[in-house]
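Novice: Turn this into a model:
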Amino acid sequence: MSQSTFLNRQALYLRPDPARVVVRRFGPQAEPRDLSHTDKIRANHIVERVLSLDPVAAESLLAEVLENFKGRHRNLLERFEARADEMEEAFATHGEFTQVQRRLVGSYFLHEYSFEAAALFNPSIVSHPDQSGAPPGGRRFVLSVRAVGEGHISSLTFRSGTIAADGSVSVDPTSRLASIATLRNRMARLDGEDVEVTFSTDGDISERVIFPVTAAQSNGIEDARFVAFEEDGKIVFRATYTAYNGRGIRSELIETSDFLSFRMSPLRGSAAVNKGMALFPRKINGRYAMIARQDSENLYLIYSDDLLTWESGGVALLKPQFPWEFIQIGTCGSPIELDEGWLLLTHGVGPVRKYAIGAVLLDKADPSKVLARSREPFVRPEPSEREGYVPNVVYTCGAIRHNDQIILPYAVSDTFCNFATVRIAALLQAMERHDAGMGI
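Specialist: Numbering: from 1, shown residues only. The predicted structure follows:
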């Protein structure tokens, strides 16, 4: 399968920028009521030192801090005050603070974090909910990207751009500023927490960063596979992602209608302890459907009646069959609906842990039936794409159909992103029919 016959790399690179920073909690990370005795003592020592400053010195210090960080964040004073509010219960013994003192105290319990200093990778793409200003015959899109900073902590961030009628892609300029979502609601459940986060309407979508907010996510929100999900005549943008706490993982669901407010919920059931779950963009025969890898090697088709409960089992769909995927196969995003069936992009892992991207065609009415499969991958690491944080990897978390092409954002060596376009007809023609002895 020659890539040159239907794959066009656009050389449109999105690279990590260590100059982009957010302010996040420094010092005690837990809720004030959960702080250890030692943490409370140390925090109060810091407060005592701030309160020991005379009013003129305190005001001068706050002005110096604001001048030093000028232009690096929006509404920095509000962030100082919000952090002081979070810590108020721990500071109850100190009585009333002046406004200057509160702001200074807040500043001592925050730090700058370069959220994409190490990597910006594993993208997925959906149509933008606001298509105003789209080019004739084209569309606007939202790109989700996994960002990695100090400590290998992963967060979720976004870009916007346009696809022209001919499939050429352009990405809007990235804002210098960035901010973490505000936690609006937290609901405890037996199996975890539902949380709602939101962003201000100020600024650009590229400023929005969803940072871990629950214990299960504490070391990362990884590999969101967004899809425009059609239900009851409306479009909701949903994504499965991997929550990582530094020791174990589980799959969770995030959903939004506007990319301003988001709800994140843990998935239940035995299938949710695995990575790489990809949701179909609509119900199949009245049920939610997912492609999942339950055993670290093979892909299965599973169903749910409530969207949040996913049990192992289902239909064994695909297993490693060709040399480029002998170690394991997995999803590369949600299935894409074509006239011919469901196009599922897959990744395979081969010799020397080399990742490549292939494709499978599933029956539209019954996606448990495999109609065709690529014997060879159609995206492999090019010589210029082999070096990075994790060498020899090309990977995507979701593509989109545009006219007669697939718009494919993909990651290079777990470091940066590029875009390619794929001609659908040529890709389907290059795939081998299931009835030619493909098996599963």
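Novice: Domain boundaries for the chain, per the record?
Specialist: Residue ranges for the domains of the chain, per automatic domain parsing: 3-19+115-436, 24-112.
Novice: Check these for me: which has the lowest mean pLDDT.
Specialist: Mean pLDDT values for the domains of the chain show the minimum at domain 24-112, a mean of 88.
Novice: Span of stretch 361-369 from start to end?
Specialist: Taking CA to CA, to the nearest Å, stretch 361-369 runs 9 Å from one end to the other.
Novice: Can you mark which positions in it are buried?
Specialist: For stretch 361-369, a neighbour-count test (16 or more other CB atoms under 10 Å) marks 361, 362, 364, 367, 369 as buried. The way it works is simple: take the backbone N, C-alpha and C, and place the C-beta from them, glycine included.
Novice: circling back to that earlier point, buried deepest among the domains of the chain, which one?
Specialist: Highest mean neighbour count of these: domain 3-19+115-436, a mean of 19 (counted as mean count of other CB atoms under 10 Å).
Novice: from the middle of its chain, how far away would that domain be?
Specialist: Distance of domain 3-19+115-436 from the chain centroid (CA atoms, centre = their mean, to the nearest Å) equals 8 Å.
Novice: got a list of what residue 241 touches?
Specialist: With contacts taken as CB atoms under 8 Å, 6 or more residues apart in numbering, residue 241 has the following neighbours: 156, 221, 222, 223, 224, 225, 251, 252, 253, 254.
Novice: same question, residue 361
Specialist: 338, 340, 341, 342, 343, 344, 370, 371, 372, 373, 428, 431.
Novice: What ranges does the stretch 51-200 of the chain have for its strands?
Specialist: 110-113, 119-127, 139-148, 154-163, 169-171, 179-180, 182-189, 192-198 (DSSP state E, counting those that start in this stretch).
Novice: Of all those, which one is nearest residue 232?
Specialist: The closest of the strands of the stretch 51-200 of the chain to residue 232 is strand 119-127. By CB to CB, the value is 18.3 Å.
Novice: So which elements touch that closest one?
Specialist: When contacts are defined as 3 or more CB pairs under 8 Å, 6 or more residues apart in numbering; DSSP states H and E, strand 119-127 sits against strand 139-148, strand 220-231, strand 400-402, strand 405-412, strand 416-423.
Novice: ok, now how distant is the residue in the chain sticking out farthest from the centre from residue 109?
Specialist: Farthest-out residue of the chain from its mean C-alpha position, per CA atoms, centre = their mean: residue 54, at 46.1 Å. Per CB to CB, to the nearest Å, residue 54 is found 22 Å from residue 109.
Novice: Contact partners for the nearest residue to residue 142 once chain neighbours are set aside?
Specialist: Excluding the flanking residues, the one nearest residue 142 by CB to CB, 6 or more residues apart in numbering is residue 128, at 5.1 Å. Counting by CB under 8 Å, 6+ apart, residue 128 touches 134, 139, 140, 141, 142, 160.
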